[in-house]
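Enquirer: My questions concern the predicted model and sequence given below.
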Amino acid sequence: METPPKKSLNFDDTEIAFRNKSNAELNAAYWLFKIISSNFLTKIGPPITNFSLNIGLPIKGIIKATIFKHFCGGETIAECEHTIAQLHSGNVGTILDYSVEGEEEEAVFDFTCEEIIRTIERAAGDPRIPITVFKVTGIGRFGLLEKLDAKKELSAAEQAEFDKVRKRCEKICRAAFEKNVPIMVDAEETWIQDTIDELAMDMMRLFNRERIIVYNTYQMYRHDKLVDMKADHLIAKAEGFILGVKMVRGAYMEKERKRAEEMGYLSPIQPDKAASDRDYNASLHYCMEHIAEIAFVCGTHNEESCRILAQLLDEHNINHNHPHVYFAQLLGMSDNLSFNLSDAGYNVTKYVPYGPVKAVMPYLFRRAQENTSIAGATSRELGLIIKEKKRRRL
């Protein structure tokens, strides 16, 4: 395969990173990250916000115009159209992510299933939305998945309930197959993840024989996930389907460590960040070596990992836009990675969460806390915004 002319990557190029943001949007991002950089506000914000929303204080408008606007596409698919167009202007694709979570009712699970299918239908035939996504806890009860993971016997009613979860999962993946829109199954807490992994593998067996449709997610901050990914590849190879891999570092570290300590089992989390980085980057090498049999999405805000994958594509003499390789970041974060990678011809997507403001608040709180807990994340974002503001003034 012939490789196109190479463009050197410069993740400090703020002109490319922020070219689709107006001065007003850049200023709004500056003040938002200034607020997020205050650990105090990030800690007290969630309880105050939840309390205010629950008693009906009129703060929804403030949230929607600030943190929601920065990290989310809108409350509906239609409201995401501006974000889809804005990202596409920089050759970055959209992953529509219906971010409602923590529900318990069957009617809500049925609605969420249909809404995920609506994201697939919206993506069909539109190259601006190359991938879709869903969470199994969006279509099934957490406690039920937890019981399955713990290998506890289900009652007849619980078995019927899980059959519905499986049917919803298959309905979503079948829609993805029929519309030729790849879909990712998000990773969740370790104590429900085995059940999610089994569902994802079953969906790959059904729908990944001709082309890539279903991806599972591997959290490399877990010390067992690199081994799991390699084992799944061998299964896929033996059974004749493409393995879909989205590798991330992970999203539940504090919760995982706390639960392991309280319940007295070995923490599933790597001993340190260096170990997570090692396994993450090793997963990139492994997938590149088996690119005919593995399609993968490199979900990361880590500059070094992005650079490693970009170099690997060149070393293997593989087109930057090979259909089995995508980079992915979250909307509102790491635009310096997303837009500079897309400018150099790589496949890049952004997660664009959407949903009712109140229902999306858990997602938004995680983003704010993630930005304060990752060393230097907020100051890095602020530094780049300040650099671009200065460049524009000059």
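Expert: Yep, it's here.
Enquirer: Next up, the contacts around the residue nearest in space to the middle of the chain.
Expert: The chain has Tyr351 as the residue nearest its centroid, 5.8 Å off, counting by Cα atoms, centre = their mean. With contacts taken as Cβ atoms under 8 Å, 6 or more residues apart in numbering, Tyr351 has the following neighbours: Ile95, Asp97, Val133, Ala328, Gln329, Leu330, Leu331. For every residue, glycine as well, the C-beta is placed using N, CA and C.
Enquirer: cool, Arg118 as well?
Expert: Ile77.
Enquirer: And Thr66, what's its pLDDT?
Expert: On pLDDT, Thr66 comes in at 83.
Enquirer: Thr195 and Leu148 touch, don't they?
Expert: Yes - using Cβ atoms under 8 Å, Thr195 is in contact with Leu148, at 4.5 Å.
Enquirer: which residues in the stretch 101-250 of the chain form strands?
Expert: 131-134, 183-185, 214-219, 243-248 (DSSP state E, counting those that start in this stretch).
Enquirer: which residues touch the next helix or strand after the last one?
Expert: Just to be clear, that refers to strand 243-248. Using DSSP states H and E, the helix or strand that follows strand 243-248 in sequence is helix 253-263. Contact with helix 253-263 is made by Glu189, Thr190, Trp191, Tyr221, Leu266, Ser267, Pro268, Ile269, Ser373, as judged by Cβ under 8 Å, 6+ apart.
Enquirer: neighbours around the second one, how many?
Expert: Other residues near Thr190 number 22, with proximity taken as other Cβ atoms under 10 Å.
Enquirer: Equivalent analysis for the fifth one, please.
Expert: Leu266 is flanked by 7 other residues according to other Cβ under 10 Å.
Enquirer: again with the fourth one
Expert: Residues lying near Tyr221 (other Cβ under 10 Å) number 21.
Enquirer: And the pLDDT for it?
Expert: For Tyr221, the model assigns a pLDDT of 96.
Enquirer: Now do the contacts for the nearest residue to His316 once chain neighbours are set aside.
Expert: Nearest residue to His316, sequence neighbours excluded (Cβ to Cβ, 6 or more residues apart in numbering): Met288, at 5.8 Å. Contact analysis of Met288 by Cβ under 8 Å, 6+ apart lists Leu309, Leu312, Leu313, His316, Ile318, Val325.
Enquirer: Against Asn281, how distant is the fifth one?
Expert: Using Cβ to Cβ, to the nearest Å, one gets 17 Å for the distance from Ile318 to Asn281.
Enquirer: same deal with the first one?
Expert: Leu309 sits at a distance of 9 Å from Asn281 (criterion: Cβ to Cβ).
Enquirer: Make a markdown table from the contacts of Tyr351 and add secondary structure, pLDDT and distance to Ile213 to it.
Expert: Shown next, in a markdown table, are the contacts of Tyr351 (DSSP: H, G, I helix; E, B strand; the rest coil; pLDDT from 0 to 100; distance: Cβ to Cβ, whole Å):
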| residue | secondary structure | pLDDT | distance to Ile213 |
| --- | --- | --- | --- |
| Ile95 | strand | 98 | 15 |
| Asp97 | strand | 96 | 17 |
| Val133 | strand | 98 | 13 |
| Ala328 | strand | 98 | 17 |
| Gln329 | strand | 96 | 22 |
| Leu330 | strand | 92 | 23 |
| Leu331 | coil | 94 | 24 |
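Enquirer: what helix or strand is the residue nearest to the centre of the chain on?
Expert: Here Tyr351 is assigned to strand 348-354, by DSSP H and E.
Enquirer: all helices for the stretch 201-350 of the chain, in order.
Expert: 225-239, 253-263, 273-289, 303-315, 335-343 (DSSP state H, counting those that start in this stretch).
Enquirer: roughly how far out does the longest one sit from the chain middle?
Expert: The one in question is helix 273-289. 18 Å (Cα atoms, centre = their mean, to the nearest Å).
Enquirer: go on, the shortest one?
Expert: The chain centroid and the centroid of helix 335-343 are separated by 17 Å under Cα atoms, centre = their mean.
Enquirer: That helix vs strand 348-354, what angle?
Expert: 130 degrees (axes from the mean of the first three to the mean of the last three Cα atoms, to 10 degrees).
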